[in-house]
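Trainee: let me see the structure of the following:
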Amino acid sequence: MPEETFRWVITGAVAIATICIVAMAAIMFILYRLATRVEGVTNRVVEHTEPLIDSVRYLINDNTAKISEIVTITKDTAAHVKEIAAVGKDQAHRFAELGRDVTDRAKAQVARVDAAVDETVEQVHNLGDNVKSAVRKPVTEVSGVLAGIKAGVSAYANGRRPDVTRVTQDEEMFI
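Mentor: Predicted structure coming up:
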């Protein structure tokens, strides 16, 4: 794999990790704003419920029998509002955990991609070395055979021993 392709693959993996992190940050920001709104709504509900409770007390003094049932319903409503706020808070914590989990998984996947790319590059280098040695050995052998044939043809064409005018010092020393 060429170095430029390798760099593009790594750049792509880093871009994917960056997009994941930015997406998680956006989701966390949205969840924070949602939790803040839920808290605001809950606070407003509580603020509106308190004057109602005062009015209910006045009515209780005037109409004790009929109002006792309304008081029970109001208490149940306040309890449900608290439960809703608690559930909203719990959901916000779960979304935060989910964001952390997604981040961890994305990091693990990027690490796996990086390891796979490293292994692939190493295998490509090994393949190149194997191809080089596989091509060089037969070429060297064929070259040697051709050199032997050339020497043999030259020896038969010129006789067994060349004359003195064509003999070099190396050939004389060899013989």
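
Trainee: how about the most centrally placed residue in the chain: what's its closest non-neighbour residue?
Mentor: Nearest residue to the geometric centre of the chain (CA atoms, centre = their mean): V110, 2.7 Å. In this structure, V110 finds its nearest non-sequential neighbour in A17, 4.7 Å apart by CB to CB, 6 or more residues apart in numbering. For the C-beta atoms, the positions are set from N, CA and C on the backbone; glycine is no exception.

Trainee: residue contacts, the one you found?
Mentor: For A17, the contacting residues are 106-107, 110, by CB atoms under 8 Å, 6 or more residues apart in numbering.

Trainee: now the top helix by length along the chain: how far from the chain's centre is it?
Mentor: Counting residues, the longest helix found in the chain (DSSP state H) is helix 64-158. Centroid separation for helix 64-158 versus its chain: 5 Å, with CA atoms, centre = their mean, to the nearest Å.

Trainee: going forward, count from 14.
Mentor: Okay, residue one is now 14; in that scheme the one you just asked about reads as helix 77-171.

Trainee: elements contacting that helix?
Mentor: Secondary-structure packing of helix 77-171 (3 or more CB pairs under 8 Å, 6 or more residues apart in numbering; DSSP states H and E): helix 16-75.

Trainee: got the angle for the helix it packs on vs helix 77-171?
Mentor: Going by axes from the mean of the first three to the mean of the last three CA atoms, to 10 degrees, helix 16-75 is angled at 180 degrees with respect to helix 77-171.

Trainee: check the offset of helix 16-75 from the chain's centre.
Mentor: Distance of helix 16-75 from its chain centroid, counting by CA atoms, centre = their mean, is 26 Å.

Trainee: ok, the residue nearest to the centre of the chain - contacts?
Mentor: Contacts of V123 were listed using CB under 8 Å, 6+ apart, and they are 26-27, 29-30.

Trainee: check the gap between it and V22 for me.
Mentor: According to CB to CB, to the nearest Å, V123 and V22 sit 12 Å apart.

Trainee: which among the contacts of A30 gets closest to V69?
Mentor: Nearest to V69 among these is A119, at 53.1 Å by CB to CB.

Trainee: with adjacent residues omitted, what lies nearest to the closest one?
Mentor: C33 (4.2 Å).

Trainee: thinking the one you found is in contact with D114, fair?
Mentor: No - judged on CB atoms under 8 Å, C33 makes no contact with D114 at a distance of 11.9 Å.

Trainee: and those two? Which one has more around it.
Mentor: The neighbour count for C33 versus D114, taken as other CB atoms under 10 Å, is higher for C33 (17 against 11).

Trainee: looking at that one now. What's its pLDDT?
Mentor: Note for C33: predicted pLDDT of 93.

Trainee: quick one: contacts for it?
Mentor: Going by CB under 8 Å, 6+ apart, C33 touches 115-116, 119.
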